[in-house]
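*Asks:* Here is a sequence with its predicted model. Questions after.
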Amino acid sequence: MTSGQLKLYGRPSSAAAALRAAVHQLLLEHDGDGDLPTSNRFLFYELVQRGILDKTKTRQTGRGADQNLSDASKWLRDEGLVPWGWIVDETRSLTEWDPRSVDGLGEVRRLSEHLRRLLGKPAAAADRV
């Protein structure tokens, strides 16, 4: 990859830009093969196999290669180069959530009243319903 192409990923001479480019290329390969979504852990081992990441760089010896990968993946997502749904974390789960169990309006009213008391202002008539 030329330095002009690397410029898309940040400062061309940086290790971060090179890793972002490699991760982006790998994700585009996965997309072409129909192998999405994938996980950062799977990408990590593919990049180790290709010689791009060193799995001996761990958090015990400083900054881990997995942290660099995580940063690169997030950067690609934040920049809109990679959709968020392409990378999943299958080690975490969302418990079932019922939005009806939260009284949003009541919470807003309580917070509003608390802030008014802090500021020494009386409650508005509409809030005293």
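*Replies:* Received it, and whenever you're ready, just let me know what you need.
*Asks:* Check which residues of the helix or strand harbouring Leu76 are buried.
*Replies:* For Leu76, the host element (DSSP states H and E) is helix 65-78. Along helix 65-78, these residues count as buried under the neighbour rule (16 or more other Cβ atoms under 10 Å): 65-66, 68-69, 72-73, 75-76. For every residue, glycine as well, the C-beta is placed using N, CA and C.
*Asks:* Would you format those residues as a markdown table with pLDDT and distance to Gly32 included?
*Replies:* Below are the buried residues of helix 65-78 laid out as a markdown table (pLDDT from 0 to 100; distance: Cβ to Cβ, whole Å):
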| residue | pLDDT | distance to Gly32 |
| --- | --- | --- |
| Ala65 | 89 | 25 |
| Asp66 | 90 | 25 |
| Asn68 | 93 | 24 |
| Leu69 | 94 | 20 |
| Ala72 | 94 | 20 |
| Ser73 | 94 | 18 |
| Trp75 | 92 | 22 |
| Leu76 | 93 | 16 |
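*Asks:* In contact with Asp71: list those residues for me.
*Replies:* Ala16 (Cβ atoms under 8 Å, 6 or more residues apart in numbering).
*Asks:* Now do it against Val108, distance only.
*Replies:* Distance from Asp71 to Val108, counting by Cβ to Cβ, to the nearest Å: 36 Å.
*Asks:* Can you pull out the low-pLDDT segments for the chain?
*Replies:* Counting by pLDDT under 70, the ranges of the chain that qualify are 1-7, 91-104, 121-129.
*Asks:* and stretch 58-77, how far from the chain's centre?
*Replies:* 12 Å (Cα atoms, centre = their mean, to the nearest Å).
*Asks:* correction: stretch 12-30
*Replies:* Using Cα atoms, centre = their mean, the offset of stretch 12-30 from its chain centre is 16 Å.
*Asks:* May I have it as PDB, with CA atoms only?
*Replies:* Provided in PDB are the C-alpha atoms of stretch 12-30 (Å, rounded to 0.1, in the frame of the first residue of the first chain):
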ATOM      1  CA  PRO A  12       0.900   7.600   6.600                       C
ATOM      2  CA  SER A  13       4.100   6.700   8.500                       C
ATOM      3  CA  SER A  14       2.300   5.600  11.700                       C
ATOM      4  CA  ALA A  15       1.900   2.000  12.800                       C
ATOM      5  CA  ALA A  16      -1.800   2.900  13.600                       C
ATOM      6  CA  ALA A  17      -2.500   3.900  10.000                       C
ATOM      7  CA  ALA A  18      -0.900   0.700   8.700                       C
ATOM      8  CA  LEU A  19      -2.900  -1.400  11.100                       C
ATOM      9  CA  ARG A  20      -6.100   0.400  10.200                       C
ATOM     10  CA  ALA A  21      -5.400  -0.300   6.500                       C
ATOM     11  CA  ALA A  22      -4.800  -4.000   7.200                       C
ATOM     12  CA  VAL A  23      -7.900  -4.400   9.300                       C
ATOM     13  CA  HIS A  24     -10.000  -2.600   6.600                       C
ATOM     14  CA  GLN A  25      -8.600  -4.700   3.900                       C
ATOM     15  CA  LEU A  26      -9.300  -7.900   5.900                       C
ATOM     16  CA  LEU A  27     -12.900  -6.800   6.600                       C
ATOM     17  CA  LEU A  28     -13.400  -6.000   2.900                       C
ATOM     18  CA  GLU A  29     -12.200  -9.600   2.200                       C
ATOM     19  CA  HIS A  30     -14.700 -11.000   4.700                       C
END
